[in-house]
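Chemist: coordinates only, sequence not included:
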């Protein structure tokens, strides 16, 4: 059992973060998920800190993205697009790990966030949905700022045993 | 130096495949395809109710911790909380009275207007999520219970939001404060018509669009729904007119959005 949890810890933590995000702390009248995109941080950090981790060749990641779409009332595929863009950037960064260091990883996380949000909001604008650019910018900046904390916790404490 | 292994090549291939699948799913879902909608409803119901079951141990722990904390709470604080509850109850009753008076007044004014009587259904909120991508309430009633897209969500005769998407045994809704929400309303004694739209810069207020060219609003005027094209029942209380620091009028919702456990859906029968 412990071996199983260790092996699939990345998938389990990501799934829990999707399922239990309703136990939320509010800041300035809005849930914390309005300010930080926890799932994107988790995907990136897990992949960066353990390049061998592939979320069941991407299948688990896809299934979790569908669950997130359902629970948030999003169109199918929305979270998938975001998750796989971030995962792809992390996979690329992990493949050049020997000459990479924390700052470059952090920077490429920022690039992946900008790319993922741009694709998503481009699709939303295409279908005349109203967007709050100020909130998106705050979310992007805070997600980027909080990254080092998760990087420290996951890369140092959690991810060493995760192989799938 | 790291060489590309066959596993890495597989993963890269899978990432591309899954991005393409996600994009295809996104566009099919957008197209509102009848057959896909049925499949989607079944998948949604399955995932929503599985999540409710999976979350129940966490809910149990959370409830136990709060009751354990309450056990040590000072009696004075308990009495204070009870007083607050009673105050809330009085406010709710006052709001109901205002709504009924407004409805009565409106019916007296508009002769020949049909007095709509709609069936209502009480629902439990399964989940409320608000994040950068979306804001949605999931309730435990769906098309099998006669709920349809666009039905108003109310509590104590105050408008909370409306249904956006319906599954077989569950539905999605948005709050009236959401920037994608549009509600036809009538304002004050003069019955000005307008559209209440969520305010993008302040989540707790609502903007009023399409007001007449010349209008005079008073602070604390009540705003309630109007039944244009039978979209909404007439006379559900939405909020009160308030003035901001720049003397600009806005709509303040009456409902306390932090208290969403059970809600009522008005079945418009569309």
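Modeler: Received it, and whenever you're ready, just let me know what you need. Since this is a predicted model, take the numbers as computed values, not measurements.
Chemist: ranking helices and strands of the chain by mean pLDDT, which lands last?
Modeler: Picking chain A for this. One helix or strand of chain A scores below all others by mean pLDDT, DSSP states H and E: strand A:26-27, with a mean of 60.
Chemist: that was the other one, I meant chain B.
Modeler: Per-SSE averages on chain B (mean pLDDT, DSSP H and E): minimum helix B:75-109, a mean of 75.
Chemist: kindly list the longest helix within chain A.
Modeler: Criterion DSSP state H: the longest helix present in chain A is helix A:102-126.
Chemist: and the residue in the stretch 151-270 of chain B positioned nearest to chain A, what does it touch?
Modeler: The nearest approach of the stretch 151-270 of chain B to chain A comes at residue B:172, 4.1 Å away (Cβ to the nearest Cβ). To be clear about C-beta, it is placed using only N, CA and C from the backbone, and glycine gets the same treatment. Neighbouring residues of residue B:172 by Cβ atoms under 8 Å, 6 or more residues apart in numbering or on different chains: A:73, B:136, B:137, B:138, B:163, B:164, B:165, B:166.
Chemist: can you list the residues you listed in CSV and add distance to residue B:45?
Modeler: Shown next, in CSV, are these (distance: Cβ to Cβ, whole Å):
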residue, distance to residue B:45
A:73, 13
B:136, 15
B:137, 16
B:138, 10
B:163, 15
B:164, 16
B:165, 12
B:166, 11
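Chemist: of those, grab the buried ones for ChimeraX.
Modeler: To isolate the buried members of the contacts of residue B:172 in ChimeraX, using 16 or more other Cβ atoms under 10 Å in any protein chain shown:
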select /A:73 /B:136,137,138,163,164,165,166
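Chemist: which residues sit against the longest helix of chain A?
Modeler: A:37, A:40-41, A:44, A:48, A:78, A:81-82, A:85-86, A:88-90, A:92-93, A:131, A:136, A:140, A:143-144, A:147-148, A:151, B:26, B:133.
Chemist: and the next element down the chain from that helix?
Modeler: Downstream of helix A:102-126, the first helix or strand assigned by DSSP states H and E is helix A:133-153.
Chemist: show me what stretch B:206-217 is in contact with.
Modeler: In contact with stretch B:206-217 (Cβ under 8 Å, 6+ apart) are residues B:176-177, B:185, B:187-188, B:190, B:192-199, B:223, B:238-239, B:241, B:249-253.
Chemist: surely residue B:231 and residue B:195 touch.
Modeler: No: Residue B:231 lies out of contact with residue B:195 (Cβ atoms under 8 Å); the separation is 10.7 Å.
Chemist: any residues in contact with both of these two?
Modeler: With Cβ under 8 Å, 6+ apart, residue B:231 and residue B:195 have common neighbours residue B:184.
Chemist: mind listing the helices for the stretch 1-150 of chain B?
Modeler: B:6-30, B:34-71, B:75-109 (DSSP state H, counting those that start in this stretch).
Chemist: distance of the residue nearest the centre of chain A from chain B?
Modeler: For chain A, the residue nearest the mean C-alpha position is residue A:40 (1.2 Å; Cα atoms, centre = their mean). To chain B, residue A:40 is 10 Å away according to Cβ to the nearest Cβ, to the nearest Å.
Chemist: just checking, what packs against the one helix or strand that residue maps to?
Modeler: Assessed by DSSP H and E, residue A:40 sits inside helix A:38-49. Packed against helix A:38-49 by the contact rule (3 or more Cβ pairs under 8 Å, 6 or more residues apart in numbering or on different chains; DSSP states H and E) you find helix A:9-19, helix A:78-95, helix A:102-126, helix A:133-153.
Chemist: contacting residues around it?
Modeler: Residues contacting helix A:38-49 (Cβ under 8 Å, 6+ apart): A:10, A:13-14, A:17-18, A:21, A:53, A:55, A:61, A:68, A:79, A:82-83, A:86-87, A:89-91, A:93-94, A:105, A:109, A:112-113, A:116, A:143, A:146-147, A:150-151, A:154-155, A:159, A:162.
Chemist: how about stretch B:177-184?
Modeler: A:129-130, A:132, B:135, B:159, B:161-162, B:174-176, B:193-200, B:203-206, B:225-226, B:228, B:231-232, B:238, B:253, B:257.
Chemist: repeat the analysis, applying 7 Å as the threshold.
Modeler: A:129-130, A:132, B:135, B:159, B:161-162, B:174-176, B:193, B:195-198, B:200, B:203-204, B:206, B:225-226, B:228, B:231-232, B:238, B:253 (Cβ atoms under 7 Å, 6 or more residues apart in numbering or on different chains).
Chemist: need the buried ones from those residues selected in ChimeraX.
Modeler: Buried residues among the contacts of stretch B:177-184 (16+ other Cβ under 10 Å), as a ChimeraX selection:
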select /A:132 /B:135,159,161,162,174,175,176,195,196,197,198,203,206,225,226,231,232,238,253
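Chemist: which ones among the contacts of stretch B:177-184 map onto strands?
Modeler: B:135, B:159, B:161-162, B:174-175, B:193, B:195-198, B:206, B:225, B:238, B:253 (DSSP state E).
Chemist: tell me what angle the longest helix of chain A forms with helix A:78-95.
Modeler: Helix A:102-126 runs at 160 degrees relative to helix A:78-95, counting by axes from the mean of the first three to the mean of the last three Cα atoms, to 10 degrees.
Chemist: mean confidence (pLDDT) on helix A:102-126, please.
Modeler: What helix A:102-126 shows for mean pLDDT is 87.
Chemist: for stretch B:20-29, same thing?
Modeler: 91.
Chemist: neighbouring contacts of the longest strand along chain B?
Modeler: Secondary structure of chain B read by DSSP E shows that its longest strand is strand B:119-130. With Cβ under 7 Å, 6+ apart as the test, strand B:119-130 has contacts from A:21-22, A:30-31, A:33-34, A:71-72, B:48, B:52, B:136-141, B:145, B:147, B:170, B:260-267.
Chemist: do stretch B:153-165 as well
Modeler: In this structure, residues lying in contact with stretch B:153-165 by Cβ under 7 Å, 6+ apart are A:73, B:92, B:95-96, B:99, B:137, B:147, B:149-152, B:171-176, B:181, B:183, B:225, B:236-238, B:254-255, B:263-266.
Chemist: let's go with 6 Å and repeat that
Modeler: B:92, B:95-96, B:99, B:149, B:151-152, B:171-176, B:236-238, B:254-255, B:263-265 (Cβ atoms under 6 Å, 6 or more residues apart in numbering or on different chains).
Chemist: buried members of those into PyMOL, please.
Modeler: Those of the contacts of stretch B:153-165 that count as buried under 16+ other Cβ under 10 Å are selected in PyMOL with:
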select buried, chain B and resi 92+95+99+151+152+171+172+173+174+175+176+236+237+238+254+255+263+265
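Chemist: residue ranges with poor pLDDT in chain A?
Modeler: Where chain A drops to pLDDT under 70, the residues are A:1-2, A:21-31, A:97-100, A:127-130, A:157-164.
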